[in-house]
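Peer 1: for reference, the sequence and a predicted model appear below.
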Amino acid sequence: MNRAFFLVGLSFALASASAVVDAQTKPAAPVQAQPNPADAAFTVWDVDHSGSLSPQEFRNGWEQVRRATQFEAQLRRQFMTIDVNKSGTIDPSEYNKLILVKSAGKSAPPLSSFDANKDGKLQFGEYLKLVQTLAPKEAAKGKAQ
């Protein structure tokens, strides 16, 4: 599969998979050229660096996108469950009830450390940062015990 065909075919799939962080959670920043996610994916998937994807490289890469999309969907469902008042955000009282936060105990970072837009609540993208930050620490604790 050549690079041009790959980029055209993958652009639709990556549009949903790369939307992990909601635009509303990013603080305003100067407009900069963003790397093309399809180019980045192609580079990662092209394990032998041949400039083409073998059917196996494509299958492996596609499986990575599929798993990432499923994981994001699970986290979105979890986020909606945590958002008891259905405000579309996690407020301080909901934050304090998070298992990851409770497990971290006194070393748990305050909500403000994940609140990129400083509105006192966590949008989904900010929640993802929390999970990325705290979940690996909890997994490491479990392995050590």
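Peer 2: Noted; the coordinates are in hand. Numbers count the residues shown, from 1 in each chain.
Peer 1: helices or strands up against the one helix or strand residue 71 maps to?
Peer 2: Element membership of residue 71 [criterion: DSSP states H and E] is helix 55-82. For helix 55-82, the packing partners by 3 or more CB pairs under 8 Å, 6 or more residues apart in numbering; DSSP states H and E come out as helix 3-17, helix 37-45, helix 124-144. Heads up, the C-betas are built off the backbone N, CA and C, glycines and all.
Peer 1: C-terminal to that helix, what's the next element?
Peer 2: With secondary structure assigned by DSSP H and E, helix 55-82 is succeeded by helix 92-95.
Peer 1: in that next one, what counts as buried?
Peer 2: By 16 or more other CB atoms under 10 Å, the buried positions in helix 92-95 come out as 94, 95.
Peer 1: element containing the nearest residue to residue 135 once chain neighbours are set aside, please.
Peer 2: Ranked by CB to CB, 6 or more residues apart in numbering and with sequence neighbours excluded, the top spatial neighbour of residue 135 is residue 100, at 6.3 Å. Using DSSP H and E, residue 100 maps to helix 99-104.
Peer 1: tell me what that helix is packed against?
Peer 2: helix 124-144.
Peer 1: work out the gap between stretch 122-129 and the centre of the chain.
Peer 2: Here stretch 122-129 shows a centroid-to-chain-centroid distance of 9 Å under the convention CA atoms, centre = their mean, to the nearest Å.
Peer 1: right, I'll leave it there.
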